[in-house]
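> With the sequence up front, the predicted model follows.
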Amino acid sequence: MSQENVLITGASSGIGLELAKLFAADGDRLILVARRADKLEALADELRRNYGTQVQVIVADLRRPEAPQEIFDVVQSGGQPVDVLVNNAGFGARGRFVELDPQRQADMIQVNVTAPTRLARLFLPGMLQRNRGGILNVASTAAFQPGPYMSVYYATKAYILSFSEALAEEVRRTNVRISCLAPGPTITEFGDVADMSATKAFRHWVMEAEPVARAGYNAFRRGKALVVPGKLNRVGTLAVRFMPLSLARKVTAWIQQT
C-alpha cells in the first residue's frame, strides 16, 4: 500500500487518537487537527518517535464556521494533497432540549454536521480527480433512532450516517472509499463532556476506544460503507429497525437516564 496523507479531526484524544496510531503504523503521513495544541503536539511527538512518520499539527476550533476553509488553505499551501479525510471531531450534550444552552446546541450542529460536510466538499474533489483515497466519517449508534434528552446530538449523527451512505453510492464506480464508523458508548472524553458517564448506556455496554478505532480503520481499508463495532451494538441497531418508532423513543429515553 502506498503512503497516504491522512487528515484527522478531533485527533487529540479518544477514537481520533487511536485512529492516528493505526494510520501512523501503516506509514502514512498525518495531519492532526484539534483545539488543544499541547495534546496535539504531545501526540505528534509520540507518533514520530514510535512510528517514524511525518506529522503536521493544525490547531483549529471547528465551532468557527471559517475553520474548514482555513484548514484546507493550510494544507493546500503545503503542496501535499489530502488522500484520506477522517471526520472524527464531535461532541454531545445530555438534557432536555429546552433547558440546554442554545449556543452549545448550535455549536454541536456546527462541529458535528456543518464542519464535516464542508471538509468533505473541500477535499473530495481532489480525491476523485486522483481516483484514490477517501473519507471516514464517525457517526454513532445514536444515528439509528431519535434520542430524547439528546435530541440534537442524535439528529446530527443521523445526518452523518445518511450523508456517508449517500456519498458511498455516489463514488461507487471510483477507487475512492467512503466509510461510516458508528460506535456505541465508548470510553473517551465524550461521556464526561456530554454528561453521560453515569447513564445506563455508559454503565452497561461501553467499549474501549482502540477496538472501536480498529473496526473503523479496517472497514475503511476494505471499502465497507458502514461498520458498527461490538456485538451488542450491532444487535441494538438491528432491533431498532424492526421496533415501532414509539417504542424506540421510549427505550432511548430510558437508557439516557442515570
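Noted; the coordinates are in hand. Numbers count the residues shown, from 1 in each chain.
> can I assume Lys39 is in contact with Gly16?
No - with contact defined as C-beta atoms under 8 Å, Lys39 does not count as touching Gly16 (10.5 Å). Bear in mind the C-beta positions are built from the backbone N, C-alpha and C, glycine included.
> Same drill for these two, tell me which one is more crowded.
For the pair Lys39 and Gly16, the greater number of neighbours falls to Gly16 (25 against 16), based on other C-beta atoms under 10 Å.
> Can you name the residues that contact the more buried one?
Listed by C-beta atoms under 8 Å, 6 or more residues apart in numbering, the contact set of Gly16 reads Ile8, Thr9, Gly10, Ala34, Val86, Asn88, Ala89, Val138.
> If we ignore the residues flanking it in sequence, what's nearest the third one?
Excluding its sequence neighbours, the residue lying closest to Gly10 (C-beta to C-beta, 6 or more residues apart in numbering) is Ala89, at 3.2 Å.
> That neighbour looks like it's in a helix, true?
No - Ala89 sits outside any helix when classified using DSSP: H, G, I helix; E, B strand; the rest coil, being coil.
> That one is in contact with Gln110, isn't it?
No - with contacts counted by C-beta under 8 Å, Ala89 stays clear of Gln110, the gap being 10.5 Å.
> Quickly list what's touching both of these two.
Joint contacts of Ala89 and Gln110 (C-beta under 8 Å, 6+ apart) are Leu62.
> Which one's more surrounded, those two?
Ala89 (25 against 18).
> sorry, back to before: which one of the contacts of Gly16 is nearest to Val176?
Using C-beta to C-beta, Val86 comes nearest to Val176 of the contacts of Gly16, at 14.3 Å.
> pLDDT value on that closest one, please?
pLDDT recorded at Val86 is 98.
> Wait, a strand at it?
Yes - assigned with three-state DSSP, Val86 falls within a strand.
> Specify the beta-bridge partners of it.
Val86 has these beta-bridge partners by DSSP bridges: Ile8, Leu136.
> So it is in contact with Leu136, correct?
Yes - in this structure, Val86 is within contact of Leu136 by C-beta under 8 Å, at 4.7 Å.
> Check which residues of stretch 75-89 are buried.
Neighbour-count burial for stretch 75-89, with 16 or more other C-beta atoms under 10 Å as criterion, is recorded at Val75, Pro81, Val82, Asp83, Val84, Leu85, Val86, Asn87, Asn88, Ala89.
> Regarding the nearest residue to the fifth one once chain neighbours are set aside, what is its secondary structure?
In this structure, Val84 finds its nearest non-sequential neighbour in Val6, 4.3 Å apart by C-beta to C-beta, 6+ apart. Three-state call for Val6 (three-state DSSP): strand.
> So what's the residue count around Arg29?
For Arg29, the tally of surrounding residues (other C-beta under 10 Å) stands at 18.
> Relative to Glu208, how far out is it?
Shown here: Arg29 relative to Glu208, a distance of 27 Å by C-beta to C-beta, to the nearest Å.
> go on, Val171?
Separation of Val171 from Glu208 (C-beta to C-beta): 31 Å.
> more neighbours, those two?
Taking neighbours as other C-beta under 10 Å, Val171 and Glu208 compare with Val171 leading, 17 against 12.
> quick one, helices of the chain?
14-25, 37-51, 67-77, 102-109, 115-130, 151-170, 190-193, 200-204, 209-222, 231-242, 245-255 (DSSP state H).
> Of all the ones you listed, which one comes closest to Ile58?
helix 67-77 (5.7 Å).
> Of all the residues in the closest one, which ones are buried?
Neighbour-count burial for helix 67-77, counted by 16+ other C-beta under 10 Å, picks out Ala67, Pro68, Ile71, Phe72, Val75.
> How about Thr156: what's its closest non-neighbour residue?
Nearest residue to Thr156 in three dimensions, chain neighbours excluded: Asn112, at 3.7 Å (C-beta to C-beta, 6+ apart).
> How about Glu4?
Leaving out its chain neighbours, the residue that sits closest to Glu4 by C-beta to C-beta, 6+ apart is Asp83, at 3.9 Å.
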